[in-house]
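**Student:** pasted the sequence and its predicted model underneath.
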Amino acid sequence: MIPACPLADLPRGEAFRLETDPPVTVFHTEDGELFAIDDTCTHQDASLADGWVEDCWVECPLHASKFNLKTGEVDAPPAKLPVRTHEVVVENGMIYVQLSTVAPNLPHCVARKLAGALT
């Protein structure tokens, strides 16, 4: 599991971006729930941590597709593919993320960058 940040440092309605490859963001909803999803919109290279959160959805700041924080599903184009979701655990006041083993749905420009960094 990857430590993200202390729960006390992530207010409700805010997000914390982990600099993993690819990046992952932890969202703390207004209802107090914690969710972690891949940070990159599946349509284009945009950080979902910069998006707007309402209920259990985050809206991409670039083209307004919304992603469900619980399931990763997308509501409408231009994004067509879901984002990966990750397990969130809080232990002793610290937020941890267990990364999914499922392959990410990254936009082509990001997937090429990531592939180049691995070679």
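**Tutor:** Great, that's in hand.
**Student:** could you pull up phi and psi at the nearest residue to Cys56 once chain neighbours are set aside?
**Tutor:** In this structure, Cys56 finds its nearest non-sequential neighbour in Leu69, 4.7 Å apart by CB to CB, 6 or more residues apart in numbering. Every residue, glycine included, has its C-beta placed from N, CA and C. For Leu69, the backbone dihedrals are phi -70, psi -30 (criterion: degrees, to the nearest 10).
**Student:** what's the answer for Leu99, then?
**Tutor:** As for Leu99, its main-chain torsions (degrees, to the nearest 10) stand at phi -70, psi 140.
**Student:** in space, what's closest to Ala36 - neighbours in sequence excluded?
**Tutor:** Closest residue in space to Ala36, ignoring its immediate chain neighbours: His86 at 4.0 Å, by CB to CB, 6+ apart.
**Student:** all strands of this protein, in order?
**Tutor:** 2-6, 14-18, 24-28, 34-38, 52-54, 57-59, 66-68, 85-91, 94-98 (DSSP state E).
**Student:** weakest of these by average pLDDT?
**Tutor:** Across the strands of the chain, strand 52-54 has the smallest mean pLDDT, namely a mean of 93.
**Student:** is it true that Val89 touches Tyr96?
**Tutor:** Yes - with contacts counted by CB atoms under 8 Å, Val89 reaches Tyr96, the gap being 4.7 Å.
**Student:** overlap in contacts, those two.
**Tutor:** The overlap between the contact sets of Val89 and Tyr96 (CB atoms under 8 Å, 6 or more residues apart in numbering) consists of Met1.
**Student:** need the nearest residue in space to Pro82, chain neighbours excluded.
**Tutor:** Spatial nearest neighbour of Pro82, chain neighbours left out: Gly72 (4.1 Å); criterion: CB to CB, 6+ apart.
**Student:** thank you kindly, that will do.
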